[in-house]
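> Starting from these lines, generate the structure:
(one chain, ligands or ions: 1)
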Amino acid sequence: MTETASPAVARSVSAGIAWARGRAADLTRDLVAAHGEAVDIAAPWTGEQLHTLTLATVQDVDAAETAARAAQVAWAATSPAHRRGILFRAHDLVVAQRGEIVDLLQLETGKARGTAFEELFAAAATLRHIAVTASGVLAPKRRPGVIPGVMSVRVDQVPKGLVSVITPWNFPLSLTALDVIPALAAGNAVLQKIDDQTSLSVLAYRRALVDAGLPAALWQLVVGPGDPVGNAVVDAGDHVAFTGSTATGARIAERVAPRLKSVSLELGGKNPMIVLDDVDPHVAARQAVAACFSSSGQLCVSIERIYVHEDIAAEVLVEFAEATSRVLLGSGLDYTVDVGSLTSQAQLDRITEHVRDAVEKGAIVVAGGRARADLGPLFYEPTILAGVTPDMESFAGETFGPVVAVHVVRSVEEAINAANDSEYGLNASVLSGSVARAAAVARRLDAGSVNINEGYRATFGALGAPQGGMKRSGLGRRNGPEGLLRYAQSRTIAAPSPLVPLPDSGRSAAKLEPVLTAALHILKVLRLP
Ligand code: NAD
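Now for the predicted structure:
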């Protein structure tokens, strides 16, 4: 297979934007035929127009639902081997086209190439992981009957039908892969609403799946506002998989409830990092930079609160400030910059407001703290704040940007209590010279994932382990067997042995009573399930 050389790498950003316009004209033809208004999508790095997108209407969503449901019937009858073959072929296409897909991702999100490649890696790895694991997780399984040998019991996993997927703009490609690929592998059709800002990378990924043999009608993509297009997508699904803010997630759960359909929600966080007193401050600073500022902090699992032990707090803060000031902020379709820009004006406004509010109420800016219009319209410096107090918006509220508050604590107990004192419970991190010591702290944190000596990548990359939030950070889990099984419903099929007739009258029940009573004793002694 020939590698597709990245067309835009080593070219200027403006040449990349011109190239992406051409790709957009081709790729957006794969969206559901749309009859809504046209919106201009800007490139975050420069503010220039990237392409124009026609939004869907409710009628367009209805048509997409009908087409997807029709395609699902034949798809559900395909063999696991057939589906596996498509996923493996798509994997190879995505890897071969990585340059182009990463370019598109950078141009529409504004993120640095390193983080964009992380997304591409996750999207390709998901294809392989699901191809390898799906048939085992979803295969019919024998289960014990009421008395072993007397019943034969089998559990099938049946597709739910149509899965509605709603994904945000911040990690459009990897979040699409993590929610859509298992849904398809489990025999479902997918109706997905992607964010307007970041449709191109998802369209390029879907194109690879269709080129690999996935029926095009099986995975329908629409763009449009939450109301009415998002609502129509939610109303269509037999399961709704949503990634976005806690406020929207709660509204979606409420909307789905009367139809008695299932939902999985991946929501916001205010993720803490605990720095124990046995850490090398230099290492802690490097970990903190990656954990807080990757993708400009526009990452659900990004760290926004650091609790550092007082014995090493001063040293850690100095090292962290120095490492942060060395972060190279900028745009470029190669690996020369460390951190890119924010993705939208709404993001810049909220981050600016969180920092302004904190400073006005007495917080100290240890590093960063300002927008960088000299680099482009949406750049904001990686920012460290100290002295953040509960009256400030950024103390408990998710900033979703490159802003972290450092708090000094006197003990591990104080750090654990402070970390858990949040309505959120998505991700957490513990830094320690001793993995065993960090693990003991990790087991006491109310978070769906805890990373030791890492910010988020250790758990986020673990495709075989469940990922999701406790408390108001989510419902259900993606990844691992849980991530596949949420898209299936179990059907139990059981048949009694003809050799052991079940009682059908009072007399036969009376005869069986001593036998069944003895069976209860024996099963317990033998510890049989
Ligand atoms: P958001 O909730 O405003 O929007 C997310 C998506 O939902 C958008 O595409 C939007 O158009 C759509 N939407 C809005 N209203 C809808 C409705 N009524 N019905 C259906 N769809 C609707 O979130 P955002 O600000 O765009 O994204 C950032 C948030 O997402 C942050 O809170 C972040 O923590 C969270 N997030 C969570 C995860 C995770 O895995 N837990 C991952 C990424 C982002």
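> show me where pLDDT drops low in this structure?
Low-confidence segments of the chain, defined by pLDDT under 70, are located at 1-10.
> count of residues packed around G187?
22 (other CB atoms under 10 Å). For the C-beta atoms, the positions are set from N, CA and C on the backbone; glycine is no exception.
> Pull up the gap between it and L31, please.
The gap separating G187 from L31 is 24 Å, by CB to CB, to the nearest Å.
> give me every residue that touches Y380.
296, 341-342, 348, 351-352, 368, 370-372, 401-402 (CB atoms under 8 Å, 6 or more residues apart in numbering).
> Could you list everything it pairs with in the sheet?
As for beta bridges, Y380 partners with A371 under DSSP bridges.
> Let me see the residues that make contact with stretch 249-259.
With CB under 8 Å, 6+ apart, stretch 249-259 has contacts from 166, 231, 234-235, 240, 242, 262-263, 265-267, 472, 474-475.
> Send me that stretch as PDB with only the CA atoms.
C-alpha atoms of stretch 249-259 as PDB (Å, rounded to 0.1, in the frame of the first residue of the first chain):
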ATOM      1  CA  GLY A 249     -25.900  15.800  28.900                       C
ATOM      2  CA  ALA A 250     -28.500  16.200  31.700                       C
ATOM      3  CA  ARG A 251     -31.000  17.700  29.200                       C
ATOM      4  CA  ILE A 252     -30.400  14.800  26.800                       C
ATOM      5  CA  ALA A 253     -31.000  12.200  29.600                       C
ATOM      6  CA  GLU A 254     -34.300  13.900  30.400                       C
ATOM      7  CA  ARG A 255     -35.300  13.900  26.800                       C
ATOM      8  CA  VAL A 256     -34.600  10.200  26.300                       C
ATOM      9  CA  ALA A 257     -36.300   9.100  29.600                       C
ATOM     10  CA  PRO A 258     -39.900   9.000  28.400                       C
ATOM     11  CA  ARG A 259     -39.000   6.700  25.500                       C
END
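> Tell me which helix or strand the closest residue to A43 other than its chain neighbours sits in.
Taking CB to CB, 6 or more residues apart in numbering as the measure, A43 lies nearest to L50, with 4.4 Å between them; neighbours along the chain are not counted. In the assignment (DSSP states H and E), L50 maps to strand 49-54.
> doesn't L214 make contact with I86?
Yes: at 5.4 Å, I86 counts as touching L214 under the criterion of CB atoms under 8 Å.
> Restricted to buried residues, select the contacts of Y380 in ChimeraX.
To isolate the buried members of the contacts of Y380 in ChimeraX, using 16 or more other CB atoms under 10 Å:
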select :296,341,342,348,351,352,368,371,401,402
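> now, which of the contacts of Y380 lie within helices?
348, 351-352 (DSSP state H).
> can you redo the residues you listed as CSV with distance to G433?
As requested, those are exported to CSV (distance: CB to CB, whole Å):
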residue, distance to G433
L348, 38
I351, 33
T352, 38
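> Return the member of those residues nearest to the ligand.
Distance to the ligand across the ones in helices among the contacts of Y380 (CB to the nearest ligand atom) is lowest for I351, with 12.4 Å.
> what about the residue minimising distance to the centre of the chain, helix or strand, and which?
For the chain, L175 is the residue whose C-alpha lies nearest the centre (CA atoms, centre = their mean; 4.4 Å). Assigned by DSSP H and E, L175 belongs to helix 172-185.
> List the buried residues of that helix.
Buried residues in helix 172-185 (16+ other CB under 10 Å): 172-185.
> And stretch 430-444, by the same measure?
Buried, per 16+ other CB under 10 Å, within stretch 430-444: 430-432, 437-438, 441-442.
> Check which helix or strand W19 maps to.
Judged by DSSP H and E, W19 forms part of helix 13-27.
> contact partners of stretch 346-366?
By CB under 8 Å, 6+ apart, stretch 346-366 touches 298, 317, 320-321, 342, 369, 371, 377-378, 380, 383-389, 391-394, 397, 399-403, 405-406.
> one more time with 7 Å, if that's ok
Stretch 346-366 is contacted from outside by 298, 317, 321, 342, 369, 371, 378, 380, 383-389, 391-394, 399, 401, 403, using CB atoms under 7 Å, 6 or more residues apart in numbering.
> Please apply the same query to stretch 405-417.
Contacts for stretch 405-417 (CB under 7 Å, 6+ apart): 274, 276, 304-310, 313, 317, 384-386, 388, 394, 418, 441, 444-445.
> same thing but 8 Å
274, 276, 304-310, 313, 316-317, 320, 358, 363, 366, 384-386, 388, 394-395, 418, 441, 444-445.
> what about it, distance to the chain center?
Centroid separation for stretch 405-417 versus its chain: 28 Å, with CA atoms, centre = their mean, to the nearest Å.
> Quick one: the helices in the stretch 401-529 of the chain, in order.
412-420, 435-442, 457-460, 480-485, 506-525 (DSSP state H, counting those that start in this stretch).
> Kindly report the same for the stretch 51-200 of the chain.
Taking DSSP H, counting those that start in this stretch, the helices of the stretch 51-200 of the chain run over residues 58-76, 80-96, 98-109, 113-138, 172-185, 200-211.
> List, one by one, the residues from the stretch 351-500 of the chain near the ligand.
398, 400, 426, 469, 474 (CB under 6 Å from any ligand atom).
> Most widely separated two among those residues?
F400 and G474 (15.4 Å; CB to CB).
> With neighbour numbers in mind, choose between the two.
Using other CB under 10 Å as the criterion, F400 and G474 rank with G474 on top: 26 against 23.
> beta partners for the more buried one?
The partner residues for G474, given DSSP bridges, come to E266.
> quick revisit: kindly indicate which of the residues of the stretch 351-500 of the chain next to the ligand lies nearest L127.
Among these, and counting by CB to CB, the member closest to L127 is G474, at 23.8 Å.
> ok, back up a step: and the contacts of stretch 405-417, which are buried?
274, 276, 304-309, 313, 316-317, 320, 358, 363, 366, 384-386, 388, 394-395, 441, 445.
> Select from those every entry located in strands.
In this view, these that belong to strands under DSSP state E are 274, 304-309, 366, 384-386.
> Serialize those to JSON lines and add fields for distance to V153.
Listed next are these as JSON lines, based on distance: CB to CB, whole Å:
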{"residue": "I274", "distance to V153": "46"}
{"residue": "E304", "distance to V153": "48"}
{"residue": "R305", "distance to V153": "48"}
{"residue": "I306", "distance to V153": "51"}
{"residue": "Y307", "distance to V153": "50"}
{"residue": "V308", "distance to V153": "54"}
{"residue": "H309", "distance to V153": "54"}
{"residue": "V366", "distance to V153": "61"}
{"residue": "I384", "distance to V153": "58"}
{"residue": "L385", "distance to V153": "58"}
{"residue": "A386", "distance to V153": "60"}
